[in-house]
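# below is the sequence, then the predicted model.
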Amino acid sequence: MKAGLTLEDLAARAGLTPHFIGSVELGQRDPSVSTVKALAGALGVRLGALLGEGPGLSPTGLEMARMFERVPEPLQTGILELLRISQRRDKR
């Protein structure tokens, strides 16, 4: 996704450090739901756009992304952790 921002500009808009955003980009850190929301706001896009909403997302995935946006943040964090645990189990 291109927004014409430098890493420093994006970090300032999102209230994050450039180092943190870089580590997320490289897959070295998993951002929290609040961090993804801050990035979406800084980029001027919906949360779903950062979570993969678009042509490549199945109808079920798209429905999940839309529903996820309406869930209170503490529950989003728990749901996300359950999905991560599920993914780790599937890789074994």
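Looks like it came in fine. Predicted, not measured: the structure shown is a model, and the values here were computed from it.

# show me where the protein has its helices.
In the chain, the helices defined using DSSP state H lie at 7-14, 18-25, 33-43, 47-50, 59-70, 73-90.

# for Ala38, grab the count of nearby residues.
17 (other Cβ atoms under 10 Å). Glycine gets a C-beta too; all of them are placed from N, C-alpha and C.

# am I right that it is in contact with Ala12?
No. With contact defined as Cβ atoms under 8 Å, Ala38 does not reach Ala12; the gap is 11.3 Å.

# show me the shaky parts of this structure.
Scanning the chain for pLDDT under 70 picks out the ranges 1-3, 52-57, 91-92.

# in it, which residue is closest to the centre?
Nearest to the geometric centre of the chain sits Val36, at 3.9 Å (Cα atoms, centre = their mean).

# who are the neighbours in contact with the nearest residue to that residue once chain neighbours are set aside?
Leaving aside its chain neighbours, Val36 sits nearest to Leu50 (5.6 Å; criterion: Cβ to Cβ, 6 or more residues apart in numbering). Shown in contact with Leu50 (Cβ atoms under 8 Å, 6 or more residues apart in numbering): 1, 36, 39-40, 43.
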